[in-house]
Each structure stands twice: as structure tokens, then as C-alpha cells.
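Chemist: structure, please.
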Amino acid sequence: MNIGIYIYDEAEVLDFSGPFEVFSTAKRLAGNDWNIFFVAQNDALVNARGNFLVNPHYSFADHPPIDLLIVVGGVHTFELEKPAVIDWIRRVSAQASQVASVCTGAFLLAQAGVLTDHPVTTHWEDIADLKARFPQLDVKQKCRWVVADERITTSGGISAGIDMSLYLVSKLASLALAEQTAHQMEYDWNKTQP
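Modeler: Numbering: from 1, shown residues only. A predicted model of the protein is given here:
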């Protein structure tokens, strides 16, 4: 399984590093063949929040097929205005068996038409903006993650992406592996859903 995490300049660090840690820890514990990687628009260093520099594994031009796409949040407003980014998210989401967002990554999925009238969530600070920009969405508050349908999941802000990723491990592998992963990470998994 190929797990691709989309990153970009001013992406929130824990939005992408949290899920990366969850899936890579689950891979190590289970000894499975999951391939976890970062994808950026171009083959260049990404300057995430706080001047955290990340070298993506792949660009839009050379990544392998993606089974699980995770779109992270951060300063997403510039990404919303990039036709190449929105088109890539649309195309990859159509081919992936699972699609997820962390924090304001939900805005990018909605802009790409991946989220239409689905139940979704995002960072508490961005709830009103998500409702205003995409009024057809059923935006949920005060929840760590929301399952939109059998293949789309969105999470609240920043650390909520870890909870959602553990949920996805339980869905893609087993609840036992998700719980073992949380224990290995010394993380108190919040399983709360609406």
C-alpha cells in the first residue's frame, strides 16, 4: 500500500509528521509493506511552518500510484489558487482507495470537488470559514475526525490527524495494530467521533 502525504510551503508540521509517524510505526510493528512518503508539487525543499525544511520523497511528476492520499493543512489559501495543485488532488483522489485530510486540508479537498455535500471537520478556528466557503458541506464541530463515506475521512486540527491516522490503521489493518501503534508511540488515542 502506498500512502502519500501532500505537503507544501507553510504546511503545519504536525499535520504531516503526525500521520507519517503513525503509519511508519504501524508498518514497523506489523512488518507490512506500506510505503509512506511525502509528495510536493515540485522536486524542491518545502518550507513548512516555523521554517521547518522538508525534502519530499516525490513530486507530482514522479510519485508512484497512491492508495491512501492525505492532504494536510497549514496556510492553505495559496494552495487553493493553484490550478495544478487542485487538479492533482482531484486526479489522485479519484484513483486512491482512501482519501483523508488533516486540519485545513479539507478546504483543498472541497476545492478539488472531492468533498461535496459530505460530513466533514477541520480546525476549530476554521469551521466558520469552511462553512462560508463551501456551504453545501455538513461541517461538524468538536470532533477529532469524521468519516465522510467509506473512502473519505477528515480530521480536526493538527494533533487530531494522529487520532484520525490511528483510526485509518484500524480500518486498513486492525484495531489491535492501531492500539499497539498508539501504545508504542506513548500516545493516548482519542477515539471520539460524532
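
Chemist: show me the shaky parts of the chain.
Modeler: For the chain, the stretches flagged by pLDDT under 70 are 192-194.

Chemist: which residues in it form helices?
Modeler: For the chain, the helices identified by DSSP state H occupy 13-30, 77-80, 83-95, 105-111, 127-133, 160-172, 175-184, in order along the chain.

Chemist: and those: which comes nearest residue 63?
Modeler: Relative to residue 63, the nearest member of the helices of the chain by C-beta to C-beta is helix 83-95, separated by 8.5 Å. Heads up, the C-betas are built off the backbone N, CA and C, glycines and all.

Chemist: please identify the buried residues of that closest one?
Modeler: Judged by neighbour count (16 or more other C-beta atoms under 10 Å), helix 83-95 contains these buried residues: 85-86, 88-89, 92-93.

Chemist: format these as CSV; extra columns: distance to residue 184.
Modeler: Formatted as CSV, the entries for the buried residues of helix 83-95 read as follows, by distance: C-beta to C-beta, whole Å:
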residue, distance to residue 184
85, 34
86, 36
88, 33
89, 31
92, 29
93, 30
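
Chemist: and the furthest pair within those?
Modeler: Using C-beta to C-beta, the two most remote members of those are 85 and 93, lying 12.2 Å apart.

Chemist: number of residues surrounding the closest residue to residue 167 other than its chain neighbours?
Modeler: If the residues on either side of it in the chain are set aside, residue 167 comes closest to residue 145, at 6.0 Å by C-beta to C-beta, 6 or more residues apart in numbering. The local packing count at residue 145 equals 29, with neighbours defined by other C-beta atoms under 10 Å.

Chemist: show me what contacts residue 145?
Modeler: Contacts for residue 145 (C-beta atoms under 8 Å, 6 or more residues apart in numbering) come out as 121, 153-156, 160, 163-164, 167, 193.

Chemist: ok, 10 Å please
Modeler: With contact taken as C-beta atoms under 10 Å, 6 or more residues apart in numbering, residue 145 is in contact with 100-102, 120-121, 153-156, 160-168, 190-194.

Chemist: for residue 52, same thing?
Modeler: Taking C-beta under 10 Å, 6+ apart as the definition, contacts of residue 52 comprise 11-13, 16-17, 46.

Chemist: hmm, what's the outermost residue in this structure?
Modeler: The outermost residue of the chain, judged by C-alpha distance from the chain's mean C-alpha position using C-alpha atoms, centre = their mean, is residue 31 at 22.8 Å.

Chemist: quick check: that one vs residue 136, distance?
Modeler: The spacing between residue 31 and residue 136, counted by C-beta to C-beta, to the nearest Å, is 43 Å.

Chemist: mutual contacts of residue 85 and residue 93, please.
Modeler: Applying C-beta under 10 Å, 6+ apart, one finds that residue 85 and residue 93 are jointly contacted by 71, 112.

Chemist: with that, I have no additional questions.
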